[in-house]
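In: requesting a structural model of the entry that follows:
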Amino acid sequence: MSKFLNKVYEARDAEETRKVYDDWATSYEAELAENGYATPARCAAALKKFADDTDAPVLDFGCGTGLSGQALRQAGFEVIDGVDLSSEMLAVAQDKDVYRSLEQIEEGGALPFADGAYPLMAGVGAIGAGAAPAGVLHKLMHKLPRRGKLVFSLNGHTLQEHAYEGAMSEWTDCGAAQLLFRKDGPHLPGIDLKATVYVIEKS
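Out: A predicted model of the protein is given here:
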């Protein structure tokens, strides 16, 4: 396993996480490709299955170098905006020419768009251990309009921390959202790491 794949699951505070991803930006895609990174395509296909309109704008939260944006575009989504903590990752994403806009965000800061601006959102490998805390799920759900849909993935490391599925349950158990899709599958087969993909709809 690469030093970055080791480090990312250990990173905890926002500054440490940002530095890992900044330093990783130039080799990130090659290392993930080498390990068979499957999650972007899985998430894009799941979101397309439930999206009412692939022309509607999609927020790619934690877009990284744009692999998730490319998967969304290949699945048929036309208008994709990305946000991420890492300026170095965003610089790589910019070159892919799949995003309408890209913006750097701060850990814990307000998301830079109006409530209801995105009826579709994706958090592809972006919520979890070494990425974003469970509370980010609440932040995204509050920004979704009624009937808005969020696809996200939780990898095997993250599923060991019950706060993440617990955050989703806070929405689904009370009827504030419904779980449309849940499927286990490959994340990084090269290191035998799996992930579960979810699609939830805000009530």
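
In: grab the most central residue of this protein for me.
Out: The centroid of the chain falls nearest to Gly123 when counting by C-alpha atoms, centre = their mean (1.9 Å).

In: quick check: it touching Asn155?
Out: No - under the criterion of C-beta atoms under 8 Å, Gly123 makes no contact with Asn155, lying 11.9 Å away. All C-beta atoms are positioned from the backbone trio N, CA, C, and that covers glycine.

In: pLDDT value on the nearest residue to Thr172 once chain neighbours are set aside, please?
Out: Spatial nearest neighbour of Thr172, excluding adjacent residues (C-beta to C-beta, 6 or more residues apart in numbering): Leu179 at 5.2 Å. Model confidence at Leu179, expressed as pLDDT, equals 98.

In: ok, residues contacting the strand or helix carrying Leu179?
Out: Per DSSP states H and E, Leu179 falls inside strand 177-188. Strand 177-188 is touched from outside by 5, 32, 35-39, 42, 46, 49-50, 125, 141, 149, 151, 153, 155-156, 168, 171-172, 193-203, with contacts defined as C-beta atoms under 8 Å, 6 or more residues apart in numbering.

In: tell me which of those fall in helices.
Out: Counting by DSSP state H, those place 5, 32, 39, 42, 46, 49-50, 141, 156, 168, 171-172 in helices.

In: are any of those residues buried, and which?
Out: In terms of neighbour count (16 or more other C-beta atoms under 10 Å), the buried residues within those are 5, 32, 39, 42, 46, 141, 156, 168, 171-172.

In: so which of these is the closest to Gln104?
Out: Distance ranking of those against Gln104, using C-beta to C-beta, places Leu32 first at 21.1 Å.

In: roughly how far does the spatially most distant residue from the centre of the chain sit from Lys149?
Out: The centre of the chain is farthest from one residue, Cys174, which by C-alpha atoms, centre = their mean lies 24.0 Å away. As defined by C-beta to C-beta, to the nearest Å, Cys174 lies at a distance of 18 Å from Lys149.

In: repeat that for Gly175.
Out: Distance of Gly175 to Lys149, given as C-beta to C-beta: 16 Å.

In: neighbour-wise, which of these two wins?
Out: Using other C-beta atoms under 10 Å as the criterion, Gly175 and Lys149 rank with Lys149 on top: 26 against 8.

In: among the buried ones among the ones in helices among the contacts of strand 177-188, which one has the lowest pLDDT?
Out: Comparing those by pLDDT, Leu5 comes last, at 55.
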